[in-house]
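J.: give the three-dimensional model of this entry:
(one chain, ligands or ions: 1)
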Amino acid sequence: MKQLCVIGIGAGDPDYVTVQAVKAMNRVDVFFVVDKGPAKDDLTRLRRDICERYIDATSSYRFVSVDDPVRDRTAPAYGPAVEAWREERTALYERLIEDELGDDETGGFLVWGDPSLYDGTLAMLEAVLGRGRVMFDYEVIPGISSVSALAARHRVPLNRVGEAIQITTGRRLASALAGDIDNVVVMLDSGCAFADVAGGDIDIYWGAYLGTEDEILVSGPLVQRGGDIERVRADAKARKGWMFDTYLLRRTTAE
Ligand SMILES: C[S@@+](CC[C@H](N)C(=O)[O-])C[C@H]1O[C@@H](n2cnc3c(N)ncnc32)[C@H](O)[C@@H]1O
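T.: Residues are numbered from 1 along each chain as shown. The predicted structure follows:
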């Protein structure tokens, strides 16, 4: 039976790759790279570097790269557009596994950070199995997520004793803070959602390109540092052409 490994490779620093991930990578015959967006080239290069660094020089493996289908965000009806995009992605993964992976081979997906966090690979593999055309078994190797990297680099825990944490997107930040949550981690924020937060009692711990040589860290009271972060972020994005940032917002009054 075909085998697949979904391997979390950490969120930037090649040293984030775990021993378990290295062992799994050394079993892989073909790596599937499915990326999109402006960060695509940099992230693909990093995956290749990781393979060169950690896979035994005597092992042979190959890469198959494809572009992730782009969702039609201009379509008038949201539901059918998302459904069509999901169908296209599922068919793409199915074709990769069917055509590019031999019956006794192991395929690998090198997932940025950890596969459990804002990543579609696991849902996609289940969808492919659900269609019933290709059979395979798969395992998941956890990785160091950008959230773990953020907390480590700022030397803070994500919550204080007994408190809850919510992980959400920039778009949903306002509703997260409206509830009874003291610690909110924000990912996938394309536009500084923290700028709309009334932040008198909130600290921010912000990190961009965590674990890479371009890493930027800023922290402090949101009212004092929010504007600095917006400027630093805009400069970095203009320089590099893409931005990956994650931040923790924490109410100070809860202490
Ligand atoms: C599609 S999600 C993938 C998350 C990934 N699975 C993880 O475990 O971190 C991409 C988002 O993760 C965050 N992210 C990923 N890598 C990052 C990094 N090195 N530095 C800062 N944020 C990062 C950003 O919020 C980015 O928009």
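
J.: point me to the helix or strand that includes S65.
T.: Element membership for S65 (DSSP states H and E) is strand 62-67.

J.: kindly export that strand (C-alpha atoms) in PDB.
T.: Extracted as PDB, the C-alpha positions of strand 62-67 are listed here (Å, rounded to 0.1, in the frame of the first residue of the first chain):
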ATOM      1  CA  ARG A  62      12.600  13.300  -5.700                       C
ATOM      2  CA  PHE A  63      10.400  16.500  -5.500                       C
ATOM      3  CA  VAL A  64       7.100  17.000  -7.300                       C
ATOM      4  CA  SER A  65       6.000  20.700  -7.100                       C
ATOM      5  CA  VAL A  66       2.600  21.900  -8.100                       C
ATOM      6  CA  ASP A  67       0.700  25.200  -7.600                       C
END
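
J.: tell me the pLDDT of L122.
T.: L122 carries a pLDDT value of 96.

J.: related to what we said a few turns ago, given the strand holding S65, what are its sheet partners and their directions?
T.: Strand pairing for strand 62-67, determined by DSSP bridges: strand 30-35 (parallel).

J.: give me the mean pLDDT for the partner strand.
T.: Rounded mean pLDDT across strand 30-35 is 89.

J.: next helix or strand past that strand?
T.: helix 40-54.

J.: what comes into contact with that next one?
T.: Outside of helix 40-54, the residues within contact range by Cβ atoms under 8 Å, 6 or more residues apart in numbering are 9, 12, 14, 17, 21-22, 25-26, 31, 33, 35, 61, 63, 65, 67, 110, 112, 242. Using the backbone N, CA and C atoms, a C-beta is placed for each residue, glycine as well.

J.: show me which residues of the stretch 151-255 of the chain sit near the ligand.
T.: 187-188, 207-211, 244-246 (Cβ under 6 Å from any ligand atom).

J.: re earlier: what subset of the contacts of helix 40-54 is buried?
T.: Among these, those buried by neighbour count (16 or more other Cβ atoms under 10 Å) are 9, 12, 17, 21-22, 25, 31, 33, 35, 61, 110, 112.

J.: what's the farthest-apart pair in the residues of the stretch 151-255 of the chain next to the ligand?
T.: Greatest spatial distance among these (Cβ to Cβ): L188 and G211, at 17.5 Å.

J.: where does this structure have low pLDDT?
T.: 254-255 (pLDDT under 70).

J.: do that again at 80, thanks
T.: 35-40, 70-79, 179, 199, 253-255 (pLDDT under 80).

J.: so which residues of the stretch 51-200 of the chain form strands?
T.: Secondary structure of the stretch 51-200 of the chain (DSSP state E, counting those that start in this stretch): strands at 62-67, 106-111, 136-141, 165-169, 183-187.

J.: most tightly packed of the ones you listed?
T.: Ranked by mean neighbour count under mean count of other Cβ atoms under 10 Å, the strands of the stretch 51-200 of the chain are led by strand 106-111, which reaches a mean of 24.

J.: who does it touch, helix- and strand-wise?
T.: strand 2-8, helix 19-25, strand 30-35, helix 40-54, helix 78-100 (3 or more Cβ pairs under 8 Å, 6 or more residues apart in numbering; DSSP states H and E).

J.: just give the nearest non-adjacent residue to P157, would you?
T.: Nearest residue to P157 in three dimensions, chain neighbours excluded: A151, at 6.6 Å (Cβ to Cβ, 6 or more residues apart in numbering).

J.: that concludes my questions; thank you for your assistance.
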